[in-house]
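S.K.: coordinates only, sequence not included:
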């Protein structure tokens, strides 16, 4: 997560406006329902125009799922930076460990936004469906990175896709078993970490290589 101290004044102002829009949107979504909240209402709550809103977000879905865009960047960058000596599965597991642990290092405002987003998804099936679609897109990109680590040529095949499916399923179980009303972010992150460890212990050596699958 980028902090205010790491960016210039102009970017700080833009980030402040983005956060204000996210906060206003999440509060309105939870107070009056996602479907009943308009972009005009969100913009008015921050005292900006709808045109300004669209400089930051493509629409309500984009705002409500802002965390997924941040997650996609964090996960892909972390996986690409993992040591070359790590096997594909280990690199992906450690990627999710690092990214989820980073949640607890966020400021209080970020933690509150994350909690509100979880509540919103639980209360809005249509938005949850959109989130699932976005997650599938991320998994497709991760399969390409895993295939590269496996030394495969061309598009990722079922072996790379299986590695991604196994690891992301473990991470998802860690998040979902917390329940809809989990408010303790540190406990949630610890649960995800434990679930990834359980999954890692169940795999035999070499399971994530071209020869092992």
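M.R.: Right, received. Where do you want to start? Owing to the predicted nature of the structure, the values given are computational and were not obtained by experimental measurement.
S.K.: how much space separates residue 165 from residue 158?
M.R.: Residue 165 sits 9 Å away from residue 158, going by C-beta to C-beta, to the nearest Å. All C-beta spots, glycine's among them, are computed from the backbone N, C-alpha and C.
S.K.: who has more neighbours out of the two?
M.R.: residue 165 (14 against 10; other C-beta atoms under 10 Å).
S.K.: in the protein, which residue is most central in space?
M.R.: Among the residues of the chain, the one closest to the centroid is residue 71, at 3.2 Å (C-alpha atoms, centre = their mean).
S.K.: quick one: low-confidence residue ranges for this protein.
M.R.: 1-7, 178-183, 210-213 (pLDDT under 70).
S.K.: one more pass at 80, please.
M.R.: Applying pLDDT under 80 to the chain flags the ranges 1-7, 105-106, 153-154, 177-185, 205-213.
S.K.: can I see the domain layout of it?
M.R.: 7-57, 59-202 (the TED database).
S.K.: for those domains, give me JSON lines that also has distance to residue 209.
M.R.: Shown next, in JSON lines, are the domains of the chain (distance: least, C-beta to C-beta, whole Å):
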{"stretch": "domain 7-57", "distance to residue 209": "40"}
{"stretch": "domain 59-202", "distance to residue 209": "6"}
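S.K.: between those, which gets nearest to residue 208?
M.R.: Of all the domains of the chain, domain 59-202 sits nearest to residue 208, with 3.2 Å by C-beta to C-beta.
S.K.: tell me the gap between that closest one and the middle of its chain.
M.R.: 5 Å (C-alpha atoms, centre = their mean, to the nearest Å).
S.K.: span of it from start to end?
M.R.: End-to-end distance for domain 59-202: 42 Å, by C-alpha to C-alpha, to the nearest Å.
S.K.: what does the helix or strand residue 61 falls within contact?
M.R.: With secondary structure defined by DSSP states H and E, residue 61 is part of helix 60-64. With contact meaning C-beta atoms under 8 Å, 6 or more residues apart in numbering, helix 60-64 is reached by 21-22, 25-26, 29, 34, 37, 39, 42, 56-57, 69, 117, 120, 124, 127, 130.
S.K.: narrow these to those in helices?
M.R.: If you go by DSSP state H, the contacts of helix 60-64 have 21-22, 25-26, 29, 39, 42, 56, 69, 117, 120, 127, 130 in helices.
S.K.: by neighbour count, which of those residues wins?
M.R.: residue 25 leads these on contacts (other C-beta under 10 Å) with 27 neighbours.
S.K.: dump the residue contacts of it.
M.R.: Residue 25 neighbours (C-beta under 8 Å, 6+ apart): 37, 42, 60, 63-64.
S.K.: around residue 79, count how many other residues there are.
M.R.: 23.
S.K.: again but with residue 82, I slipped
M.R.: For residue 82, using other C-beta under 10 Å, the count is 18.
S.K.: coming back round to it: residues contacting the residue nearest to the centre of the chain?
M.R.: Taking C-beta under 8 Å, 6+ apart as the test, what residue 71 contacts is 99, 138.
S.K.: secondary structure class of it, three-state.
M.R.: For residue 71, the assignment made with DSSP: H, G, I helix; E, B strand; the rest coil gives helix.
S.K.: how near is it to residue 31?
M.R.: 25 Å.
S.K.: just residue 53 next, same as before
M.R.: Separation of residue 53 from residue 31 (C-beta to C-beta): 18 Å.
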